[in-house]
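Chemist: Fold the following and give me the result.
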Amino acid sequence: MNETISKFKELTQDIENAKNYFFKHLRKSNSSIRIYTHLDSDGLAAGAILGKALFRENIPFQITILRQLEKEEILKIAKSEFNNFLIFSDFGSGQYLELQKDLLLHGYKGHYLILDHHLPQKISNKSEFHEIDDVHIETSPWHINPYFYRIDGSTEISGAGLCYYFAKSINENNIDLSSVAIVGAIGDIQNQGPNKSFIGINTLILEDAKNTGLIETIDDLNFSPIKPLNEAIAYSSDIKLPGLTKDANKTLKFLKTLGILMEDSEGSVRTLSDIDKDEKQKISSAIIEYATLKLNIEPNQIIQKLIVNRYLLVGENDSELHDAEEFSNLLNACGRTDNGSLGVAIAMGDRNNAFMQAKESLMEYKKSLLTALSWINKEEKIQHKDYIQYFFGEDAIPENIIGTISSMLIFGESNVVDKNKPIFGCALREDERVYKISGRAHEKIVSKGVNLSDAIREALLMSDLVDFSSFFNESFSSINISFLFLSVLFG
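Modeler: Model prediction:
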């Protein structure tokens, strides 16, 4: 913990310098603020934190949500912003060289900040300490990134977390935005410690949220708190119980044998949130017994997955946003259905019209995922090579969910993919000849040293796509060439 505190002090000192840089140039230019942020849950939470902090200071601002901070977007920003102060949240580190060059070359006369937790551009591995230090020196004080302080941006702090500390440096009263930062961190699956706990700087953010009475942490069963209880158990992504998993009817019978009623006194279907402590104890004991006696699983193994930390937002007791993970899912759905502004509004406190529209976005998002998975299975779209597997989204899967679908295939229970090989999904951006490739690898091959980022970069270079980007203008034939080289690389 002492090491975490030491790193934290270095980070917060640089954030203080960034704040001073911000106000210095804000006073000079007398301009409004333009916030550019990513469309996922962490990005929307980050943008909302910045927006709320500026709103409280009566500083005019505008938030723009982007799929990615691509070269084309940077050029648009350079030509349209002129001298407005810019803040890039949850992206920017991976494009800082383009920002330095292209903003200046194409007419931008202002200043900007980058608050991002991803590895900086040209850095392929977090162990490249010397190169990371060079970027830190070169881009101070306008670039804040956890890797500058040997803090892992994939597990210890998210984009929303960095924006939280920037907001807190502006005004200590912004400590109440710590709960939104936790929602963002969960969106980036940073609660990867034992029983879904946090590590690193995230533990300090959580401490702020707890100390101000915003979040409480409870031990709970690792099932969805808002689905009907039998469905939550049957379709859990973490707890696999052959004989019960994927069979809501058998799970219903399982619960009835325990004396767990599925309807309350008013006839409403009960969820995990509706059952009391004693009932949860009955369920957990029965599942542990089921797993140990029928499946021959060690009790400790099932307990580690079955009992987790749940983060509850105290002020949202009667809302679907009570559980921070469900809050995060709602934000992600807003971003992935082109309704990111709704997500930002909700994270900034709107619980009226925006919240109702966002729930519709969540239903639309879930439906699109189920439709895409069904199409892949039914049409047998997975193409298998010796060392990789891939699929094209064609007209059925848009680019905004191609990464999610890839994750669901490789980490879920799908029997159409081989978990011993990486999977790559490719989707065409609507109205453009631009394709997005998303690669995913199961943890069992990542632990053996598979690095998809390096592999994709090398494959594109080998196929003469020198201008590497997650998005690129090429034909399907060239993408096939890239897949061919990826297959060779993994050989």
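Chemist: From here on, just use CA atoms for contacts and neighbour counts.
Modeler: Fine.
Chemist: Residue 125: what secondary structure?
Modeler: Following DSSP: H, G, I helix; E, B strand; the rest coil, the label given to residue 125 is coil.
Chemist: what's the closest non-adjacent residue to it?
Modeler: residue 119 (7.7 Å; Cα to Cα, 6 or more residues apart in numbering).
Chemist: A helix includes that neighbour, no?
Modeler: No: under three-state DSSP, residue 119 falls outside any helix and is assigned coil.
Chemist: Now do the same contact list for it.
Modeler: 93, 94, 125, 126, 145, 147, 153 (Cα atoms under 8 Å, 6 or more residues apart in numbering).
Chemist: And the strands in this structure, which stretches?
Modeler: Ranges of strands in the chain, per DSSP state E, are 33-38, 61-66, 85-89, 112-115, 143-144, 215-221, 307-313, 383-384, 389-392, 423-428, 435-440, 471-472.
Chemist: Most neighbours of all the contacts of residue 119, which one?
Modeler: Within those, residue 145 tops the neighbour count with 30 neighbours, counted by other Cα atoms under 10 Å.
Chemist: For the closest residue to residue 380 other than its chain neighbours, give its distance to residue 390.
Modeler: Distances taken as Cα to Cα, 6+ apart place residue 416 nearest to residue 380, at 7.8 Å, with adjacent residues excluded. For residue 416, the distance to residue 390 (Cα to Cα, to the nearest Å) stands at 11 Å.
Chemist: higher neighbour count, these two?
Modeler: residue 390 (23 against 15).
Chemist: isn't the more buried one right next to residue 402, touching?
Modeler: No: the pair residue 390 / residue 402 is not scored as a contact, 11.4 Å apart, by Cα atoms under 8 Å.
Chemist: Name the nearest residue to residue 243, ignoring sequence neighbours.
Modeler: residue 250 (7.7 Å).
Chemist: What number of residues are in the vicinity of the one you found?
Modeler: Using other Cα under 10 Å: residue 250 sits among 15 other residues.
Chemist: for residue 394, same thing?
Modeler: By the criterion of other Cα under 10 Å, residue 394 has 12 neighbours.
Chemist: what's the distance between it and residue 227?
Modeler: 32 Å.
Chemist: ditto for residue 5
Modeler: According to Cα to Cα, residue 5 and residue 227 sit 39 Å apart.
Chemist: In terms of neighbours, single out the busier of those two.
Modeler: When residue 5 and residue 227 are compared for neighbours, residue 227 comes out ahead with 16 against 13, by other Cα under 10 Å.
Chemist: how about the nearest residue to that one, chain neighbours excluded?
Modeler: Nearest one to residue 227, counting by Cα to Cα, 6+ apart, is residue 271 at 5.7 Å.
Chemist: Correct me if wrong: that neighbour contacts residue 221.
Modeler: No: judged on Cα under 8 Å, residue 271 makes no contact with residue 221 at a distance of 11.6 Å.
Chemist: shouldn't residue 382 be in contact with residue 376?
Modeler: Yes: look at residue 382 against residue 376 with Cα under 8 Å: they come within range, at 7.0 Å.
Chemist: which intervals of the protein have sub-threshold pLDDT?
Modeler: Within the chain, the ranges that satisfy pLDDT under 70 run 1, 413, 431-433, 457, 460-491.
Chemist: Domain-wise, how is it divided?
Modeler: Following automatic domain parsing, the chain resolves into domains at 2-174, 191-222+227-319, 330-379, 380-489.
Chemist: so which of these gets nearest residue 184?
Modeler: Closest to residue 184 of the domains of the chain is domain 2-174 (Cα to Cα; 3.9 Å).
Chemist: ok so, going back, can you list residues touching both of residue 390 and residue 402?
Modeler: When Cα under 8 Å, 6+ apart defines a contact, the residues bordering residue 390 and residue 402 alike are 425, 426.
Chemist: one step back: return the most buried member of the strands of the chain.
Modeler: strand 143-144 (a mean of 26; mean count of other Cα atoms under 10 Å).
Chemist: what does it contact?
Modeler: 11, 14, 15, 18, 93, 113, 114, 115, 116, 136, 162.
Chemist: Quick check: neighbours of it in the sheet, parallel or antiparallel?
Modeler: Using DSSP bridges, the strands paired with strand 143-144 are strand 112-115 (parallel).
Chemist: Next, the distance between the ends of stretch 382-391.
Modeler: 5 Å.
Chemist: rewinding a little: OK, contacts around the residue nearest to residue 380?
Modeler: Contact analysis of residue 416 by Cα under 8 Å, 6+ apart lists 377, 380, 382.
Chemist: Would you list the phi and psi of the last one?
Modeler: Think residue 382. According to degrees, to the nearest 10, the main-chain angles of residue 382 amount to phi -70, psi 120.
Chemist: Same question for the one 5 residues further on.
Modeler: Its backbone dihedrals place residue 387 at phi -120, psi -10, with angles given as degrees, to the nearest 10.
Chemist: Can you report how many residues lie near it?
Modeler: Residue 387 - counted by other Cα under 10 Å - has 17 other residues nearby.
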